[in-house]
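Peer 1: with the sequence up front, the predicted model follows.
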Amino acid sequence: MKPATAKCDDILLHKSKNQLSQSLLSIPLLLIGAGGIGCELLKVLVLYGFRHIHIIDLDTIDATNLNRQFLFTADDIGQPKALVARNAVLSWFTQSHSENTSFCLSSLSKAPTIMAHCAQIQAPQFDEAYFAQFGAVLSALDNVQARQHVNRMCAKVRVPLVESGTMGYNGQVQPICYGVSECYDCRPKPADTQTFAVCTIHAHPTTMVHCVHFAKELYATLFGCEGHSSDDFISEENKKAHQRVGADHFTNVDNNHSNNTNGNELSYVRSFLQHYCPSS
């Protein structure tokens with residue numbers, strides 16, 4: 001007896017054959033993000049029969065991903081999400097004669113061509129010419145800055161964009177056709193708060209702030225302390241310090257110590273240490 005999800009996939013595949021032309025299925029697609037939404041999108045695209053897909057994701061797989069990102073297993077921890085997602089989907093076709101997979105792949109003639117890239121979407125190789133080769137872009141990103149970058153690139157080359165995201169149990173999707181509908185930046189977006197994806201902090205800590213948050217999480221894990229509202233404290237203390245000394249002073253100090261700091265990172269770390277280690 002097929003599981004409920006298998007029946008849904010059967011219906012999905014049946015509709016794809018009746019409603020989507022072969023010319024539409026041959027359009028190259030760019031999927032940005034291979035997390036919770038990205039895994040589901042990749043599955044749906046493949047079951048519909050799309051044959052040319054590129055996936056971009058910088059992150060590697062963390063144990064915390066396994067409960068909601070179904071293309072990954074415990075054996076994949078530490079591996080690039082984009083590459084593992086690609087291999088997981090293509091493995092369905094090598095096993096298509098087995099009882100567990102034939103129900104969703106029997107109507108597909110051959111495996112799709114899937115290119116995986118473990119890189120930042122802002123990387124130089126993903127320029128306007130790269131975006132222009134796709135018929136549509138599907139965004140499954142987890143931060144405002146990256147979404148805005150993708151929106152700008154798609155707007156420049158007039159490639160349709162499907163923006164999606166989740167917050168808690170809620171989800172949203174925004175299809176964007178430039179010149180017809182509003183784009184992602186047409187409405188003001190609130191600035192990102194001091195929250196980060198756990199897998200990003202663990203696998204690719206690119207800033208000192210990531211290291212601070214990782215240390216906080218590790219401390220709580222080792223000593224069983226949930227901590228207190230240190231981020232709020234740090235933010236408030238930074239505001240007070242900027243008022244007393246002047247924002248330019250902190251910016252100059254940060255720039256003198258490192259050429260790679262953004263957003264007064266050294267000030268953030270300094271305030272954090274003063275909060276937990278007053279004598280520092």
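Peer 2: Yep, it's here. Not measured: the values here are computed from a predicted model.
Peer 1: only C-alpha atoms for contact and neighbour calcs from this point on.
Peer 2: Fine.
Peer 1: wait, what's in contact with the residue nearest to Ala85 when sequence neighbours are not counted?
Peer 2: Closest residue to Ala85 apart from its sequence neighbours, by Cα to Cα, 6 or more residues apart in numbering: Leu71 at 5.8 Å. Shown in contact with Leu71 (Cα atoms under 8 Å, 6 or more residues apart in numbering): 39, 84-85, 88-89.
Peer 1: quick one: buried ones out of those residues?
Peer 2: Buried by 16 or more other Cα atoms under 10 Å: 39, 84-85, 89, out of those.
Peer 1: just to revisit the earlier point, kindly indicate which of the contacts of Leu71 lies nearest Cys154.
Peer 2: Cys39 (21.8 Å; Cα to Cα).
Peer 1: can you give the domain ranges for this structure?
Peer 2: Annotated domains of the chain cover 4-186, 205-276 [automatic domain parsing].
Peer 1: could I get the buried ones among the contacts of Leu71 as TSV with secondary structure?
Peer 2: Formatted as TSV, those follow (DSSP: H, G, I helix; E, B strand; the rest coil):
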residue	secondary structure
Cys39	helix
Val84	helix
Ala85	helix
Val89	helix
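Peer 1: count of residues packed around Asn87?
Peer 2: For Asn87, the neighbour count with other Cα atoms under 10 Å is 14.
Peer 1: which of the three states applies to Pro175?
Peer 2: Under three-state DSSP, Pro175 falls in the strand class.
Peer 1: do Val150 as well
Peer 2: Here Val150 is recorded as helix under three-state DSSP.
Peer 1: check contacts around it.
Peer 2: Val150 neighbours (Cα under 8 Å, 6+ apart): 121, 139.
Peer 1: mean confidence for stretch 28-38?
Peer 2: For stretch 28-38, the mean pLDDT works out to 96.
Peer 1: okay, how far is it across it, tip to tip?
Peer 2: 16 Å (Cα to Cα, to the nearest Å).
Peer 1: what does stretch 139-149 give?
Peer 2: Start-to-end span of stretch 139-149 (Cα to Cα) is 11 Å.
Peer 1: what residues does it touch?
Peer 2: By Cα under 8 Å, 6+ apart, the surrounding residues in contact with stretch 139-149 are 31-35, 37-38, 121-122, 150, 161-165, 184-185, 189, 191-192, 197.
Peer 1: pull out the buried residues from that stretch.
Peer 2: So for stretch 139-149, counting by 16+ other Cα under 10 Å, buried means 139-142, 146-147.
Peer 1: tell me which of the residues you listed has the lowest pLDDT.
Peer 2: Asp142 (88).
Peer 1: quick one: that residue from Met167, how far?
Peer 2: Look at Asp142 and Met167: by Cα to Cα, they are 10 Å apart.
Peer 1: next: Leu45.
Peer 2: 23 Å.
Peer 1: of those two, which one has the most company?
Peer 2: When Leu45 and Met167 are compared for neighbours, Leu45 comes out ahead with 18 against 8, by other Cα under 10 Å.
Peer 1: could you pull up the residues touching the more buried one?
Peer 2: Applying Cα under 8 Å, 6+ apart, no residues qualify as near Leu45.
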